[in-house]
Each structure stands twice: as C-alpha cells, then as structure tokens.
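This is a predicted model, with the sequence first.
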Amino acid sequence: MNAAAAPASSTVRYAPTAQRAAIGAMYSDPKKPAVVVRINVAGPYATVLTKGGRIEGEFVTGPILVKHFSFGWQPLALWESRCDVNPALGEGVEERLLHGMPALRDDRPCKGGFLNDAGPRSQVEAVRKQMLGPLVPDVVVYGSWAMGEWYGAGGGQSLYHEREGRWQLIESGGGAMGVDYMRKYGVPQPAWCKFGIFDAKCP
C-alpha cells in the first residue's frame, strides 16, 4: 500500500442529484462533457447511464450506481457485470435499476461483493461524507474506528478514527491495508476482520 497517497482527486464525491453525482465520478473532456442518457430510481438507489465519461482512462459504457444519503447522492459502483454489486438491494430493486440498461456481463461465481456498509447508520454516513471517492462501495464502522473502500482512480482504503465526536482521516492510500497498519495506528484486533483486513486471522 502506498501510505502517503490519497485518491487521485481531493474532492469529496457527493452531489444534490443522482445525475450530478454520477457525472462527478468520471472524467470527461471539457469540450465534450459527459451527458446523462438514462436514469432509473428505486428507493434510495439510482442507476445513471451516461455517454462520454471515462473512469481510469476507459469510456464508461455501463450505469453508475448511486445512493441517496442524508448529505446527498454518492456514487457506489460502476455496474457492468453481475459481480460488481452485491445482489442484496431488496426485492425487485435490481430489476427496476437495470430496466433499459445495457446487459450485464455474467462473471459469476462472485468472489466477494460491494454495498456492505456496517455499523450505526449515522456514523457510516458521517464517514461517507468525508470519503474522497470517486466511487465508494462500502464503509464499515466499528466502535471509534472506520474503514471505507474507494476505487475509480486506482483503488484503496481510507482509515478513520473518531475523536471528540468527529471523524478524522488517519490514512488513505492505494491498495489494501494489512495487519501492520492496524498495529501501527492502534486499531483494536476485533475490528480487523470487520474491516476485511486481508492478512488478519479471521474465523
């Protein structure tokens, strides 16, 4: 993990509308800005299909999944395959979100998945509001510690610690944090498996 590096953009990624949140997750040529082609909404979720935007240098051809939180809409994932998104979105939600969207690649069986926020909702949202994105699939809060995943400009993790009622960024970089980082910052061992630390010994 590159300990000093942060996501490529230092702009927090959320917006007052689903469309603006999706556009903000991508790069587009200022002379030919990305445009919204279609949007589907189901509960707090929306899929936004665009044209002309890029993520990590590649044109985005699938919808971007966004979710509405108390602070606004935040991009969660680029949804191009069956394994890009955890299917537990609610009965009928996936069908409504994918209606009229490009067909998904079937890359099952899936190895893991996104959209696994865990912890008190208010605390998860407080951390999400600080995440740099561009895409933030999940945030896990355990006690006074939290970890968020991000990708779209490379990929990595951000570690937060709550002090005096405020969440503070401790570390953010490309790649996955290991047990050495947990020990370095004094993250309690019960949190390691909750955060999915790759080299932690979990039951």
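Yep, it's here. Everything numeric here is computed off the predicted structure, so don't read it as measured data. Numbers count the residues shown, from 1 in each chain.

who does the host helix or strand of Gln168 pair up with?
With elements delineated by DSSP states H and E, Gln168 resides in strand 166-174, which encompasses its position. Paired with strand 166-174 in the same sheet, following DSSP bridges, are strand 155-163 (antiparallel).

List phi and psi for Cys193.
According to degrees, to the nearest 10, the main-chain angles of Cys193 amount to phi -70, psi -30.

Identify the residue nearest the residue nearest the centre of the chain in space, chain neighbours excluded?
Among the residues of the chain, Val136 comes closest to the average C-alpha position under Cα atoms, centre = their mean, at 1.4 Å. The spatial neighbour of Val136 that comes closest, neighbours along the chain excluded (Cβ to Cβ, 6 or more residues apart in numbering), is Trp150 at 5.4 Å. No exception for glycine: its C-beta is placed from N, CA and C like everyone else's.

burial of that neighbour, as a residue count?
If you count neighbours by other Cβ atoms under 10 Å, Trp150 ends up with 25.

Count the neighbours of Pro87 for me.
The tally of other residues near Pro87 (other Cβ under 10 Å) stands at 12.

same question, Ile39
Here the neighbour count serves as a burial measure; for Ile39 (other Cβ under 10 Å) it reads 18.

Spit out the contact partners of it.
18-19, 46-49 (Cβ atoms under 8 Å, 6 or more residues apart in numbering).

Out of those residues, who's the most crowded?
The residue in the contacts of Ile39 with the most neighbours, by other Cβ under 10 Å, is Val48 (27 neighbours).

mean confidence score for the one helix or strand that one maps to?
Counting by DSSP H and E, the element that carries Val48 is strand 45-51. Averaging the model's pLDDT scores along strand 45-51 yields 98.

And the contacts of that strand?
Applying Cβ under 8 Å, 6+ apart, the set of residues contacting strand 45-51 from outside is 18-19, 21-23, 26, 34-40, 60, 62-68, 73, 79, 89, 93, 97-98, 101-102.

Select only the buried ones of those residues in ChimeraX?
Selecting just the buried residues from these in ChimeraX takes one command, with 16 or more other Cβ atoms under 10 Å as the test:
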select :18,19,21,22,23,26,34,36,39,40,60,62,63,64,65,66,67,68,73,79,89,97,98,101
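
what ranges do the helices span in this structure?
18-24, 93-98, 121-128, 179-185, 189-194 (DSSP state H).

Pick the most deeply packed of the ones you listed.
helix 18-24 (a mean of 22; mean count of other Cβ atoms under 10 Å).

could you say what helices and strands it packs with?
Contact here means 3 or more Cβ pairs under 8 Å, 6 or more residues apart in numbering; DSSP states H and E; on that basis helix 18-24 packs against strand 35-42, strand 45-51, strand 64-69, strand 72-78.
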